[in-house]
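**Q** below is the sequence, then the predicted model.
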Amino acid sequence: MPSTFCRRLGLVRRGVLATSVLLLPACSMAASQPPQQTRLASAAAHVSPVAGVSYLPEFPSFNSQPLDHQIRLYTNYLWEHGRPDVLIVGSSRSLQGVDPNTLQQALMAQGYPELRIYNFSVNGATAQVVDWMLRQLLEPSQLPRLIIWADGSRAFNSGKPDLTYQAIVGSAGYQRLAAGDRPIAQPPAAAEPRPTVVAQADAEVCTELQDWLPFLQRDGQCLPSSEDAAPPAIVPEPIQAGYAAFSTNLDQKGFQPVGQTYNPATYYQQFPRVAGQFDDNYASFRLSGSQETATRALANYARGYQIPLVFVNLPLNRDYLDGFRLTRERQFQQHMQRLAGLYGFLALDLTQQWGGQHSYFADPSHLNQTGARAVANHLATHPNIDWERLAQRYR
């Protein structure tokens, strides 16, 4: 049963506003779930590394260890820091290709406040996966104030099977999420933004609130609760190192620092040099289809919530960009520029940026930590990204 405090606020099923309240996790979970599901998942719970066993305490796996792990990390981040100002998304190219720590520091060096930045990228993520993560996996209150989608053409190629998305859709975690359960518990006083495309005049929601305070909405205004004290905070335990056999070196902001440096003299002794026309990422190349549909859906969703979207086409090494691949990459960039014009987002092309600097790459198509810092510094000083808008809420 909901607590007296919850009943006083008039809370109903999680994700639904009753008498204009913002949901608090202790209340919403108690009010919406049966007794066996009311316990918050501990981020420190040990999970056996048996195939098919979830890496998410009390929630089945999404058939992706990297995704399961990122969900755990992001849960901790939300509880400790709150909703991020910037969320970086994409595949492994983004996971190791955009350093959130460097981006934060570079912005602070220009006089901006300490913006909250998290890298929520996942190995193998395509446009369909990123769209699902932001529109289905995360609740609106867990979305950032700016999305940086950093990746490349292979994530948008509808001409090859999307194995990562298919695995997620076939998972027990996906079915549980579709049934209404959530793997990420809401932190206290999470303000849920309302998309302008579906805003209702009789259900205005305040989207910018002071952290950790319960608020009521009355006559269109956000007013402090009449309660003298807020309900007790419920904070998850920190993640323990080595909690499962899945090995990762992600930092607490979701970033994977890679120290190795691409050396063509030794790299092609270990791996064959494949021409573009025989590379399945480019040979079966089709930009229309499921990945374009997902891109359009996510861009429209972000626009509805007034969240700026910046797409970054990450650098590729010049050894990789033969004539065939370069032609495909130019087609892809034109495609993204066209979608950017239709849906009002920014598309930046860094495909050939630093292409000859091997010290920036871990392999021909993935940046290392040096390259990830370079990308972050570039974005921090890009004149078309409105960093000032994000900084205003701190001033």
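**A** Happy to help now that I have it. Bear in mind that the values here come from a model prediction, so they are computed numbers and not experimental data.
**Q** list the contacts of stretch 132-146.
**A** By Cβ atoms under 8 Å, 6 or more residues apart in numbering, the list of residues contacting stretch 132-146 from outside reads 15, 71, 74, 78, 83-87, 89, 118, 120, 122, 125, 147, 165, 168, 177, 182-184, 186, 190-195, 294, 297-298, 301-302, 305, 307-308, 310, 385, 390, 393. No exception for glycine: its C-beta is placed from N, CA and C like everyone else's.
**Q** wait, is residue 310 part of a strand?
**A** Yes. Under DSSP: H, G, I helix; E, B strand; the rest coil, residue 310 falls within a strand.
**Q** any idea of the pLDDT on it?
**A** The confidence metric pLDDT takes the value 98 at residue 310.
**Q** let me know how buried it is, in neighbour terms.
**A** 21 (other Cβ atoms under 10 Å).
**Q** check contacts around it.
**A** So residue 310 contacts 146-149, 345-348, 379, 385 (Cβ under 8 Å, 6+ apart).
**Q** return the subset of these lying in helices.
**A** residue 379 (DSSP state H).
**Q** any chance of the contacts of residue 310 in CSV, with pLDDT and neighbour count too?
**A** Output for those, formatted as CSV (pLDDT from 0 to 100; neighbours: other Cβ atoms under 10 Å):
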residue, pLDDT, neighbour count
146, 98, 21
147, 98, 24
148, 98, 28
149, 98, 26
345, 98, 21
346, 98, 16
347, 98, 19
348, 98, 22
379, 98, 23
385, 97, 19
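**Q** which one of the contacts of residue 310 is nearest to residue 106?
**A** residue 379 (8.2 Å; Cβ to Cβ).
**Q** got the contact list for the closest one?
**A** 98, 103, 148, 310, 312, 385 are the contacts of residue 379 under Cβ under 8 Å, 6+ apart.
**Q** farthest-separated two in those?
**A** Among these, 98 and 385 lie farthest apart (Cβ to Cβ), at 12.8 Å.
**Q** show me what contacts residue 298?
**A** Applying Cβ under 8 Å, 6+ apart, the residues contacting residue 298 are 127, 130-131, 134-135, 309.
**Q** now which of the contacts of stretch 132-146 would you call buried?
**A** Neighbour counting with 16 or more other Cβ atoms under 10 Å marks 71, 74, 78, 83-87, 89, 118, 120, 122, 125, 147, 165, 168, 177, 182-184, 186, 190-194, 294, 297-298, 301-302, 305, 307-308, 310, 385, 390 as buried within the contacts of stretch 132-146.
**Q** from those residues, which land in strands?
**A** 86-87, 89, 118, 147, 310 (DSSP state E).
**Q** quick one: buried residues of the helix or strand encompassing residue 338?
**A** Per DSSP states H and E, residue 338 falls inside helix 323-343. For helix 323-343, burial by neighbour count (16+ other Cβ under 10 Å) applies to 324-326, 328-329, 332-333, 335-336, 339-340, 343.
**Q** same check on stretch 160-175?
**A** Buried residues in stretch 160-175, defined by neighbour count with 16+ other Cβ under 10 Å: 160, 162, 164-165, 167-169, 171, 173-174.
**Q** name the nearest of these relative to residue 355.
**A** The closest of the buried residues of stretch 160-175, once distances to residue 355 are taken by Cβ to Cβ, is residue 160, at 24.2 Å.
**Q** was I right about the closest one contacting residue 281?
**A** Yes. At 7.1 Å, residue 160 and residue 281 qualify as touching, with contact defined as Cβ atoms under 8 Å.
**Q** isn't residue 336 right up against residue 313?
**A** Yes. Assessed by Cβ under 8 Å, residue 336 is found in contact with residue 313 at 6.9 Å.
**Q** list residues touching both of these two?
**A** residue 347.
**Q** list the contacts for residue 101?
**A** Residues in contact with residue 101, defined by Cβ under 8 Å, 6+ apart, are 117, 251, 253, 255.
**Q** those: which two are farthest apart?
**A** 117 and 251 (11.7 Å).
**Q** how near is residue 116 to residue 263?
**A** For residue 116, the distance to residue 263 equals 36 Å [Cβ to Cβ, to the nearest Å].
**Q** more neighbours: those two, which one.
**A** For residue 116 versus residue 263, neighbours defined as other Cβ under 10 Å are more numerous around residue 116 (20 against 13).
**Q** the strands in the stretch 151-300 of the chain, which residues?
**A** Under the criterion DSSP state E, counting those that start in this stretch, the stretch 151-300 of the chain contains strands at 215-218, 221-224.
**Q** out of the ones you listed, which gets the lowest mean score?
**A** strand 215-218 (a mean of 30).
**Q** ok, residue 261 - how many residues close by?
**A** Residue 261: 16 neighbours (other Cβ under 10 Å).
**Q** pick the one among the buried residues of helix 323-343 closest to residue 285.
**A** Nearest member of those to residue 285, counting by Cβ to Cβ, is residue 328, at 5.3 Å.
**Q** residue contacts, the nearest residue to residue 329 once chain neighbours are set aside?
**A** Distances taken as Cβ to Cβ, 6 or more residues apart in numbering place residue 351 nearest to residue 329, at 5.3 Å, with adjacent residues excluded. Contact partners of residue 351, counting by Cβ under 8 Å, 6+ apart, are 152, 313-316, 321, 329, 333.
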